[in-house]
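Chemist: quick one, what's the 3D model for this:
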Amino acid sequence: MTLDASSLKMVQAGGARLRRSDRSKGASIALHATLIVASVIAVFPVFWVFVTSLKPDARAVEPTPKLFNESSLDNYTRVLSGEKGDFLAWFGNSVLIALMTTVIGVFISATAGYAASRFRFPGKRGLMMSFLLVQMFPFAVLIVPLYNILIALGLNGTSIGLVLVYCTTAVPFCTYMLKGYFDTVPNDIDEAGRVDGLSPFGVFWRLIMPLAKPGLAVTAFYAFLTAWGEVAFASAFLSAADESKTLAVGLQVFVQQNRTEWGHLAAASILVAIPAVIVFYLVQRFLVQGLASGAVKG
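Modeler: Numbering: from 1, shown residues only. Got it, this is the predicted structure:
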């Protein structure tokens, strides 16, 4: 049986697709294997902290660790009951400071980013460049000048003072991200709003902000994490009273001069991570879109 030209081409095309399928299958296996290994590397430390949190302090760092040996929830009970420090007060302080930082920081960043995206004014380019330069300074360099400023304002040792400090670190990055996101929103929307009689702030608040949810989610997540797990500023600017501490600072009570309570420290660390995981779960569907859009223009 002979094949005509069209049939021969179909056979050749099928063979080519088969070869491409074989190559893509091998590449897919390699890709998935790499992702699995990377996931194990990323998840294992967290898993081991969780395992350690279930062990007594004496067994937490034994030379030959055994998985779930003598496991119990006693460490969690002692941490939450306040036996090892006022954990619930620390938790409340951290939630309040993180939420205030997120709300204030995102609002300032959104208004500044929108202004930089839509309006022309002297020093605009230098302003955006300064936002990038600020990110290059290590936080330790900023402690002394920020401390002097808070002393002058009478806000040292207060939660609102710490919130303002966190905003100084979160706002530059968030502004730059949102400016890039607002650049992707067509100017026609602003013009349509003005034709309908909206003020510039009305256009921003009623039209642009609802369209910027992915970008706002990214910046809100960043601002929240900036305040939630930070240690240096909280240690320097909050009072030493136990009820004024945040979670990250409060965990230091488990690290004493001669010994470290590894079981309690691990249990408290797991509890500290839970709110951050919840926030990530709430905003995850916006993160990829917001990061991609915010990186298009700057």
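Chemist: nearest residue to Arg206 in space, please, no chain neighbours.
Modeler: Nearest non-adjacent residue to Arg206, counting by C-beta to C-beta, 6 or more residues apart in numbering: Leu198, 6.5 Å away. Backbone N, C-alpha and C define where each C-beta goes, glycine included.
Chemist: Tyr281 sits in which helix or strand?
Modeler: In this assignment (DSSP states H and E), Tyr281 forms part of helix 262-294.
Chemist: elements contacting that helix?
Modeler: Helices and strands touching helix 262-294, by 3 or more C-beta pairs under 8 Å, 6 or more residues apart in numbering; DSSP states H and E, are helix 5-53, helix 57-60, helix 74-81, helix 87-118, helix 159-183, helix 213-228, helix 247-250.
Chemist: nearest to Asp190, of the ones you listed?
Modeler: helix 87-118 (6.6 Å; C-beta to C-beta).
Chemist: check which helices and strands that closest one sits against.
Modeler: helix 74-81, helix 124-134, helix 159-183, helix 213-228, helix 247-250, helix 262-294.
Chemist: buried residues in it, which are they?
Modeler: Counting neighbours by 16 or more other C-beta atoms under 10 Å, one finds that the buried residues in helix 87-118 are 87, 89-91, 93-94, 97-98, 100-102, 104-106, 108-110, 112-118.
Chemist: sketch out the low-pLDDT regions of the stretch 151-298 of the chain for me.
Modeler: Within the stretch 151-298 of the chain, the segments meeting pLDDT under 70 span 240, 242, 288-298.
Chemist: is the residue nearest to Arg206 in contact with Ile208, as I believe?
Modeler: No - contact criterion C-beta atoms under 8 Å: Leu198 and Ile208 do not qualify, at 10.6 Å.
Chemist: what about these two, which has more around it?
Modeler: Ile208 (19 against 16; other C-beta atoms under 10 Å).
Chemist: surely that one is in a helix?
Modeler: Yes - with DSSP: H, G, I helix; E, B strand; the rest coil as the criterion, Ile208 is part of a helix.
Chemist: please report the distance of it from Ser117.
Modeler: Noted for Ile208: a distance of 9 Å to Ser117, by C-beta to C-beta, to the nearest Å.
Chemist: okay, and the common contacts of these two?
Modeler: By C-beta atoms under 8 Å, 6 or more residues apart in numbering, Ile208 and Ser117 have these common neighbours: Phe182.
Chemist: from Leu207, how far out is Asp188?
Modeler: Counting by C-beta to C-beta, the gap from Asp188 to Leu207 is 11 Å.
Chemist: hang on, the earlier thing: in CSV: the helices and strands packed on helix 87-118, plus mean neighbour count and distance to Arg59.
Modeler: Shown next, in CSV, are those (neighbours: other C-beta atoms under 10 Å; distance: least, C-beta to C-beta, whole Å):
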stretch, mean neighbour count, distance to Arg59
helix 74-81, 18, 11
helix 124-134, 13, 46
helix 159-183, 22, 37
helix 213-228, 23, 30
helix 247-250, 23, 24
helix 262-294, 17, 8
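Chemist: can you redo these as CSV with distance to Lys25?
Modeler: As requested, the helices and strands packed on helix 87-118 are arranged in CSV below (distance: least, C-beta to C-beta, whole Å):
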stretch, distance to Lys25
helix 74-81, 46
helix 124-134, 44
helix 159-183, 38
helix 213-228, 34
helix 247-250, 47
helix 262-294, 26
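Chemist: ok now do the closest residue to Leu153 other than its chain neighbours, which residues does it touch?
Modeler: Computed as C-beta to C-beta, 6+ apart, the closest residue to Leu153 that is not its neighbour in sequence is Gly161, at 7.3 Å. Contacts for Gly161 (C-beta under 8 Å, 6+ apart) come out as Leu150, Leu153, Leu155, Phe237.
Chemist: just Leu271 next, same as before
Modeler: By C-beta under 8 Å, 6+ apart, Leu271 lies in contact with Tyr76, Val79, Leu80, Phe87, Phe91.
Chemist: how about the first one: what's its closest non-neighbour residue?
Modeler: Read that as Tyr76. Per C-beta to C-beta, 6+ apart, closest to Tyr76 is Ala267, 4.9 Å.
Chemist: gap between that neighbour and Gly85?
Modeler: Counting by C-beta to C-beta, the gap from Ala267 to Gly85 is 12 Å.
Chemist: overlap in contacts of those two?
Modeler: Listed as contacting both Ala267 and Gly85 by C-beta under 8 Å, 6+ apart are Val79.
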